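Student: Mind folding the following:
(chains A and B)
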There are 2 protein chains.
Amino acid sequence: MEQEAAAPAASQPVDVEAAVLAIGDRARVASRAVGRANRASKDRALRAIGAALKENEARILAANERDLEAGRENGTSKALLDRLALTPARIDGLVSALENLAGLPDPVGNVVRGQTLPNGLRMRQVNVPMGVVAAIYEARPNVTVDIAGLALKSGNAVILRGGSAAANTNRELVAVLRDTLVEVGLPADAVQTVDDYGRAGAEVLMKARGRVDVLIPRGGRDLIQNVVLNSTVPVIETGEGNVHIFVDESADEAMAVEILLNAKTQRPSVCNTVETLLVHSKSTVLPALAHALAERGVRLHVDGRSMDALPAGVEAVAATDVDWATEYMDLDLAVATVDSIDEALEHIRRWSTGHTEAIITNDLRNAERFIAEIDSAAVIVNASTRFTDGGELGLGAEVGISTQKLHARGPMGLTELTTTKWIVQGEGQVRA
Amino acid sequence: MEQEAAAPAASQPVDVEAAVLAIGDRARVASRAVGRANRASKDRALRAIGAALKENEARILAANERDLEAGRENGTSKALLDRLALTPARIDGLVSALENLAGLPDPVGNVVRGQTLPNGLRMRQVNVPMGVVAAIYEARPNVTVDIAGLALKSGNAVILRGGSAAANTNRELVAVLRDTLVEVGLPADAVQTVDDYGRAGAEVLMKARGRVDVLIPRGGRDLIQNVVLNSTVPVIETGEGNVHIFVDESADEAMAVEILLNAKTQRPSVCNTVETLLVHSKSTVLPALAHALAERGVRLHVDGRSMDALPAGVEAVAATDVDWATEYMDLDLAVATVDSIDEALEHIRRWSTGHTEAIITNDLRNAERFIAEIDSAAVIVNASTRFTDGGELGLGAEVGISTQKLHARGPMGLTELTTTKWIVQGEGQVRA
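Tutor: The predicted structure is shown next:
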């Protein structure tokens, strides 16, 4: 009898690969229904999900409290616990993001281009859903709702893999999402998670070519690099911003101070915040700039020439190459003095992550050279780098900020979650 | 003395990784000059390359003859030798393709969208070159000139890896390309090859993330799968077309015959040729269709019901699942009888590679269902599948036909060799 009992257990381990691939197959089937749903029906679903999140708030917050408690017991840092935490106000924020999404135009069905060919064929290229979108992210439960909403609005099924520290919260959120889809007549499998299969599940997801049409990693550098280097499914790389501002000789000094304060201190923890200031050696703005930044609590990491230009009472540490490479995401700023726009361009080429760079100048030729020669997703003249943001640039919703060149670059809107289809209609045309 | 002679040889093996990465770095530097070159200067370069190919024809053909001779000695198949061979007429073809490219609009600088934001910021999203494009392809020397021309026109530097069987030809072609670039004032390193480093060089190229912005494999299934599965740089997958035509109950029979003959026999070796015919069981066209195809030398691989419907004198073999999966690229056609459009859609979903599918019908609802429900790069109603082609669809030049959903789907033109840059201009705006 013992043998008989042991045999099934030994011969039936959880086959993670089969389980995750089956999730992919169910997502494909569900994607057909979501992909054909019209805008009215998708918007109804988004609003119903918002209402259901409020209705189930107590249950969601209780699950979140269990995750938080486990996090506190494991000695999770305060910053990570803050990102993990949901509150009634944060759930309200998710609901209003869903409302906002429901108010946006549907990217599906948009005609990219079209014409009638000489032989009478009518040809058009139309945005259609990708099909199955997957997301791998950290223990931030808001991403669960956010990505599911974006995928749904763009007509895609989604497979989620959230950080294990948010497992209880995500389980409740996904249950609410799936139940609501069924209530509004859409398939539950349009939102699925592989969280039950842990890291092994994530690994199968990264290799599920043909089942997953695009994979979006959201999180810190290590998570994104791991996904980029280990996936065989197409990935959109988002993220890192080692952002530069070059203050040219001709810059308006008051403008330079105002832009730097905004770009560094308005929200230092995000990717479009400035990390390195390059100042032209003939500009006289550095003392005032350093003073204003120091007053706002910014710690300066400066090269030798900039150190010499600092006013009395402003402290700074000597910068090394580490500073030029660092995305601080905090109240720290690297500062270098350069003798020309060429030197500024050279510094940026060497250290930039290709996210956003700005120039402050009144010199037309330098503005144009900066625009032409900087190879970054966003190039800004005389404005804060904080504007590299889907909402600010009028995209409505932001899926992320792509730092790759393929498919999407810079702030990504709903359209970047679609692909295109060529539709050709004739009356018997053949090729000569 | 022997020891001294041996020591340098042992300590200086060819460091393939360092050599290929250095090629990448030189390509990046060269990409800046090509990326900023205006259309007139790029078109001048394309025409000069054409002229230089004709001037150096004897030298190129001599090198090609050495490759052909080696191929014949190695027992290379006649088909492969034909793809490897250059002739004066084929060089003329390359020259006129370059002329055609010079006549096309420049994709660089095209404004994708733009607006003035409420705060007065002027924002626009503009096509810019990718930077460094790489191509891995088989022993077809025409691809060397083709891809180099496309890369140049779209403002990119290119790194080539051609099949080793064409090494002599490619060496001459690359030398002509590089010399001509220098003559017209562009950097030679805008066109480089890693052919000297063999398979190891190709492997470094596939992992050269950050140095190569996009990698395009061109060739057979094995080459493409190898590149797709082993690259960490972004890849555009091109190619495989297991193309279907569904002849609906309401199809015009003469139209069905004409389209099938064109789609199967006009050029059977290319990816947009039809491979499987699905016929509605209530259509009466199959006997005429089978007869016409057989007359043109098409070998039919048919399911049981289709076999029963064949007219006397038309031979066919029984189809198995292998036939539904096969891209014959030859005068072979799989044929299945289906009872409904649903059954046709189901067959296509199961076996299609997502390249091109067509329906022949007079039923509006079925045409619309086919367009909406088929998840392929191109969906065609009442016309030949041979129209899935960049030239036919008015793209001017064709980089390839993408069967992936990210970045490019279906016929890819010059624009697909560009990315975008967001340009934001203000007068001191900061974020509130």
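
Student: Within its local environment, how many residues does the residue in the stretch 101-250 of chain A positioned nearest to chain B see?
Tutor: Closest residue of the stretch 101-250 of chain A to chain B, CB to the nearest CB: residue A:234 (4.2 Å). C-beta coordinates here come from the backbone N, C-alpha and C atoms, glycine included. By other CB atoms under 10 Å in any protein chain shown, 22 other residues sit near residue A:234.

Student: My read is that it contacts residue A:210, right?
Tutor: No - assessed by CB atoms under 8 Å, residue A:234 is found out of contact with residue A:210, at 11.0 Å.

Student: where exactly do the strands run in the stretch 1-150 of chain A?
Tutor: In the stretch 1-150 of chain A, the strands defined using DSSP state E, counting those that start in this stretch lie at A:111-116, A:122-129, A:132-137.

Student: Of the ones you listed, flag the one that's most buried.
Tutor: Greatest average neighbour count among the strands of the stretch 1-150 of chain A goes to strand A:132-137 (a mean of 27), per mean count of other CB atoms under 10 Å in any protein chain shown.

Student: near chain B at all, it?
Tutor: No - using CB under 8 Å from any CB of the partner chain, strand A:132-137 stays clear of chain B, with a minimum separation of 10.0 Å.

Student: List the buried residues for the lengthiest helix in chain A?
Tutor: Longest helix in chain A, counting residues (DSSP state H): helix A:16-36. Within helix A:16-36, the residues that count as buried by 16 or more other CB atoms under 10 Å in any protein chain shown are A:16, A:19-21, A:23-24, A:26-28, A:30-35.

Student: what does stretch A:72-84 give?
Tutor: Judged by neighbour count (16+ other CB under 10 Å), stretch A:72-84 contains these buried residues: A:76, A:80, A:83, A:84.

Student: I'd like to know which of these are part of helices.
Tutor: A:80, A:83, A:84.

Student: Just the buried residues of stretch A:293-307, please?
Tutor: Residues A:293, A:294, A:298, A:300, A:301, A:302, A:303, A:306, A:307 are the ones in stretch A:293-307 that count as buried (16+ other CB under 10 Å).

Student: how about those residues in JSON lines, adding pLDDT and secondary structure?
Tutor: Formatted as JSON lines, these follow (pLDDT from 0 to 100; DSSP: H, G, I helix; E, B strand; the rest coil):
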{"residue": "A:293", "pLDDT": "97", "secondary structure": "helix"}
{"residue": "A:294", "pLDDT": "96", "secondary structure": "helix"}
{"residue": "A:298", "pLDDT": "97", "secondary structure": "coil"}
{"residue": "A:300", "pLDDT": "98", "secondary structure": "strand"}
{"residue": "A:301", "pLDDT": "98", "secondary structure": "strand"}
{"residue": "A:302", "pLDDT": "98", "secondary structure": "strand"}
{"residue": "A:303", "pLDDT": "98", "secondary structure": "coil"}
{"residue": "A:306", "pLDDT": "97", "secondary structure": "helix"}
{"residue": "A:307", "pLDDT": "97", "secondary structure": "helix"}
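
Student: so which of those residues comes closest to chain B?
Tutor: Set against chain B, the nearest of the buried residues of stretch A:293-307 by CB to the nearest CB is residue A:293 (14.2 Å).
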